[in-house]
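Student: Got a predicted model here, sequence first, then my questions.
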Amino acid sequence: MTPVARLLARWETLLVIAVLGLVVLGTALSPVFLTPGNFANLIAALMEVAIMALPMTLIIVAGEIDLSVESMAGLASAILGFLWAAGVPIWVGIPVVLAIGALGGLMNGLLVARAGLPSLVVTLGTLALFRGLALIVLGPRGISDFPDAFTELGFGRVPGTPIPWPFVIFIALAVLLGIMLHRTWIGRQIYAIGKNAGAARYSGVRVTRVKIGLFVLSGLIASLAGIILTSRLSSARADAGAGMTLTVVTVVLLGGVNIFGGSGTIPGVALAVIAVAVMQNALRLASVTVEVQSIALGSLLILSVVIPTFAHQAKSAIDRVRGGRPPPADSIKQGERAAT
Amino acid sequence: MTESAVSPTIADGRSPGRWLSALARQRELSLVAIMVVLGGLVTLVAPQFLTVSNLSQVAVLASVIAVAAIGEALVVITRNVDLSVEATMGLVAYSVARVLELHALDAPAAIAMGLGLGLVLGMINGVVVTLFKVPAIVATLGTLSIFRGVDYLIAGSHQVPLAGLPPGFTNAARDSILGIPMFVLVAVVVVVIGSVILRSTRFGRQLYAVGSNPEAAAILGIPSRLVVFTAFSMCGLLAGAAGILWVMEFGTINGTSATGVVLAVVAAVVVGGVNIFGGSGTLVGAALGALFLGFIANALILVGLSQFWLQAIYGVVILVAVTADAIILRRIKRAATRRSVR
């Protein structure tokens, strides 16, 4: 392969090109597209999803999935609202909600890693359970008289800039988890588990403990996203975050994470966040409603798995035609990506 | 948990594995037993539970979910999952209702259109999973979003009112033949036809083979992709049928109809003893699972608990059912190894 082709084959490169293309398209559609204020708005609306995508990246790299994040965000919102309405100070409520998020994640983790149940079904169960608990706690009412200091967290901007605070939280978490995944032994263990859990176990990786840790992290961060969402909308509702899991999984897979586990990067997912934000903004400027945008999002989700699979097949076909040796059988994995 | 997961050699053992495996294979009976006991308890609190009108209402509502759950069971048996069923139901429901409202088609033609649309949507899932090799969870999460988006796109903010539908159409939900509600008959017919196909045809055996051991199935020359594609297509067709029943039952249909139903459908399948790892389960189980959930929903209301508890209970039911499945499967395996050592 030529160096140009190799660079082009990198998933991140394709994403950057896609983002640039969308920006050009968006600017052509509307002059306000590229203004800092507009960009800050579109980023702010996606931050809960972006924050939840970070632990989801780690979980999918480890070969599992967590569908319950949107309900955990809703449960966090409901409990925060309930506590505030019951007269509990918000600065006491927040740690309580975060602890509940970690507990919910622990429950997922124990059922998946300790009991050996498929994460897809377990988290589908807790997707219903956490949402149900949120409805039981708060019912159909909404709580909205939060103090200004709290709503500033989700709604406010870093003084003197159009940068929303949740974006700062996202960047901080992305750097933290990025270093953890790409530069520490924990990250290497996560990749090892995703590539081959059995082999990882025999190599001394404590698979169960790492997986439980990842689910706890996911629950904790989902509840943080629920708090930010409550703050940004200055309203606590039991149905907060409904439908977000789809966007979270889309962002992660679009970011080049292999759905079968074992590969993917945090910078790739961060790029995908920007790509989705730009796409949603372009669609909104083209006056496509949020509901209809889900067609684009669903297609994006499927395409982000289809394209790498076909690229890989095409590549091995070309190699075969050129008379090169076929790649070893175990490397031909469905959906394998160039980006690692 | 029937058939292929439990090999015949296990049943004649004499260890705890024996009655556990017996219990596991009798998931249908256990469900009926639980329903009878629960029903008794609920009747003590709310006597109106044990009336013909209430029970038939429960059965009618459960039949809608049961029809979708039977399709889902076919897919789960092949070790896949279809999360898009609710969007298929919603899109078919709106399309059928809208066509009837506009008098574009008469009722039989509208029903045929709805079934055809469901089949096509199921085939789309099948193509994405088998031809494009996208894992079922991602593929159907994607199509869930796409089908629902198309539903919103064509529905906009329009709502088809009950009055917009031909009166004969929605009466079907309340019709009965020989005292048995129409909907229940539909569900029973689907269960019977499906079960016969699973039991007595080559396709049925292939479905279990692909789910219980894909590699072995491939070596045996079973066309796995075609089998999985057919399972998804049938799931779409049945989701379409459930969507049509939804219109008959509820009458008022908009772009958000049937939102969230997938949880009930998957819960019904899992509770009904269809193994989520594929390869085992019956359609009777899936239908009984749907009845069980409808039963709980009804009991909740009669006992005076708020409707808000329902979703949490669905979640608990899914978790308990998969945990029980895993425990039973593990004990059976352990008992089997012990016996083979001896």
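Tutor: Nice, thanks for sending it over.
Student: Output the below-cut-off pLDDT ranges for chain A.
Tutor: Applying pLDDT under 70 to the predicted model, the residue ranges of chain A that meet it are A:1-9, A:323-340.
Student: Just want the most central residue of it.
Tutor: When chain A is reduced to its mean C-alpha position, the closest residue under CA atoms, centre = their mean turns out to be A:Ala53, at 1.3 Å.
Student: Any residues of the stretch 51-200 of chain A in contact with chain B? List them.
Tutor: Of all the residues in the stretch 51-200 of chain A, those in contact range of chain B (CB under 8 Å from any CB of the partner chain) are A:65, A:111, A:115-118, A:120-122, A:124-133, A:135-136, A:139. Where you see a C-beta, it was placed from the backbone N, CA and C, and this is true even at glycine.
Student: and those, which are buried?
Tutor: Among those, those scoring as buried are A:65, A:111, A:117-118, A:120-122, A:124-133, A:135-136 (criterion: 16 or more other CB atoms under 10 Å in any protein chain shown).
Student: Let me see the contact set for B:Trp309.
Tutor: When the contact criterion is CB atoms under 8 Å, 6 or more residues apart in numbering or on different chains, the partners of B:Trp309 are A:Gly132, A:Ile136, B:Leu300.
Student: will you turn the residues you listed into a markdown table that also has secondary structure?
Tutor: Putting the contacts of B:Trp309 into a markdown table (DSSP: H, G, I helix; E, B strand; the rest coil) gives the following:
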| residue | secondary structure |
| --- | --- |
| A:Gly132 | helix |
| A:Ile136 | helix |
| B:Leu300 | helix |
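Student: Dump the residues you listed into a markdown table; add distance to B:Ala241 as well.
Tutor: Putting those into a markdown table (distance: CB to CB, whole Å) gives the following:
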| residue | distance to B:Ala241 |
| --- | --- |
| A:Gly132 | 28 |
| A:Ile136 | 33 |
| B:Leu300 | 27 |
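Student: so where does the residue nearest to the centre of chain A fall, helix or strand?
Tutor: Secondary structure from DSSP states H and E places A:Ala53 in helix A:47-61.
Student: Which elements pack onto that helix?
Tutor: Contact here means 3 or more CB pairs under 8 Å, 6 or more residues apart in numbering or on different chains; DSSP states H and E; on that basis helix A:47-61 packs against helix A:69-85, helix A:165-183, helix A:185-195, helix A:207-233, helix A:244-254, helix A:266-285.
Student: Dump the C-alpha coordinates for that helix into PDB.
Tutor: The C-alpha coordinates for helix A:47-61 follow below in PDB (Å, rounded to 0.1, in the frame of the first residue of the first chain):
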ATOM      1  CA  MET A  47     -22.200  17.000  25.600                       C
ATOM      2  CA  GLU A  48     -24.200  14.500  27.700                       C
ATOM      3  CA  VAL A  49     -24.000  12.000  24.800                       C
ATOM      4  CA  ALA A  50     -20.300  12.800  24.300                       C
ATOM      5  CA  ILE A  51     -19.500  12.300  28.000                       C
ATOM      6  CA  MET A  52     -21.300   8.900  28.100                       C
ATOM      7  CA  ALA A  53     -19.500   7.900  24.900                       C
ATOM      8  CA  LEU A  54     -16.200   7.900  26.700                       C
ATOM      9  CA  PRO A  55     -16.800   5.000  29.200                       C
ATOM     10  CA  MET A  56     -18.900   3.300  26.400                       C
ATOM     11  CA  THR A  57     -15.700   3.300  24.300                       C
ATOM     12  CA  LEU A  58     -13.900   1.400  27.000                       C
ATOM     13  CA  ILE A  59     -16.700  -1.100  27.400                       C
ATOM     14  CA  ILE A  60     -17.100  -1.800  23.700                       C
ATOM     15  CA  VAL A  61     -13.300  -2.100  23.400                       C
END
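Student: chain center to that helix: distance?
Tutor: A distance of 3 Å separates the centroid of the chain from that of helix A:47-61, by CA atoms, centre = their mean, to the nearest Å.
Student: Enumerate the residues of the stretch 201-342 of chain B near chain A.
Tutor: Contact residues (CB under 8 Å from any CB) of the stretch 201-342 of chain B with chain A: B:255, B:263, B:266-267, B:270, B:276-277, B:306, B:308-316, B:318-319, B:322-323, B:326.
Student: Now the buried members of those.
Tutor: Burial by neighbour count, judged by 16+ other CB under 10 Å, picks out B:255, B:263, B:266-267, B:270, B:276-277, B:308-316, B:318-319, B:322, B:326 from these.
Student: before we move on, what SS does the nearest residue to B:Ser212 once chain neighbours are set aside have?
Tutor: Nearest residue to B:Ser212 in three dimensions, chain neighbours excluded: B:Gly279, at 2.7 Å (CB to CB, 6 or more residues apart in numbering or on different chains). Following three-state DSSP, the label given to B:Gly279 is coil.
Student: I'd like to know how many residues surround B:Gly279.
Tutor: As a burial measure, B:Gly279 scores 23 neighbours (other CB atoms under 10 Å in any protein chain shown).
Student: Just want the angle from the helix holding A:Ala53 to helix A:207-233.
Tutor: Direction vectors for helix A:47-61 and helix A:207-233, defined by axes from the mean of the first three to the mean of the last three CA atoms, to 10 degrees, enclose an angle of 170 degrees.
Student: A:Phe155: what's it in contact with?
Tutor: Contacts for A:Phe155 were tallied using CB under 8 Å, 6+ apart; they are A:Pro164, A:Ser231, A:Arg232, A:Ser234.
Student: Now render these as TSV, adding neighbour count and distance to A:Leu177.
Tutor: Converted to TSV, the contacts of A:Phe155 look like this (neighbours: other CB atoms under 10 Å in any protein chain shown; distance: CB to CB, whole Å):
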residue	neighbour count	distance to A:Leu177
A:Pro164	23	20
A:Ser231	25	22
A:Arg232	20	22
A:Ser234	17	28
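Student: pretty sure the residue nearest to B:Ser212 is in contact with B:Ile77, am I right?
Tutor: Yes - counting by CB atoms under 8 Å, B:Ile77 is a contact partner of B:Gly279 at 6.8 Å.
Student: Now the common contact residues for the two.
Tutor: Taking CB under 8 Å, 6+ apart as the contact rule, the neighbours common to B:Gly279 and B:Ile77 are B:Tyr208, B:Gly211.
Student: before we move on, back to that, ok, so of the contacts of A:Phe155, who is nearest B:Leu185?
Tutor: Taking CB to CB as the measure, B:Leu185 lies nearest A:Arg232 of the contacts of A:Phe155, at 50.8 Å.
Student: what's the distance between the residue nearest to B:Ser212 and B:Met182?
Tutor: When distances are taken as CB to CB, to the nearest Å, B:Gly279 and B:Met182 turn out to be 34 Å apart.
Student: which phi and psi does B:Leu178 have?
Tutor: Comment: the main-chain dihedrals of B:Leu178 come out as phi 50, psi 40, following degrees, to the nearest 10.
Student: give me the number of residues near it?
Tutor: By the other CB under 10 Å criterion, the neighbourhood of B:Leu178 contains 5 residues.
Student: Which helix runs longest in the chain?
Tutor: No chain in the question, so chain A it is. In chain A, taking DSSP state H as the definition, the longest helix is helix A:290-321.
Student: nope, chain B please
Tutor: Longest helix in chain B by number of residues (criterion: DSSP H): helix B:309-341.
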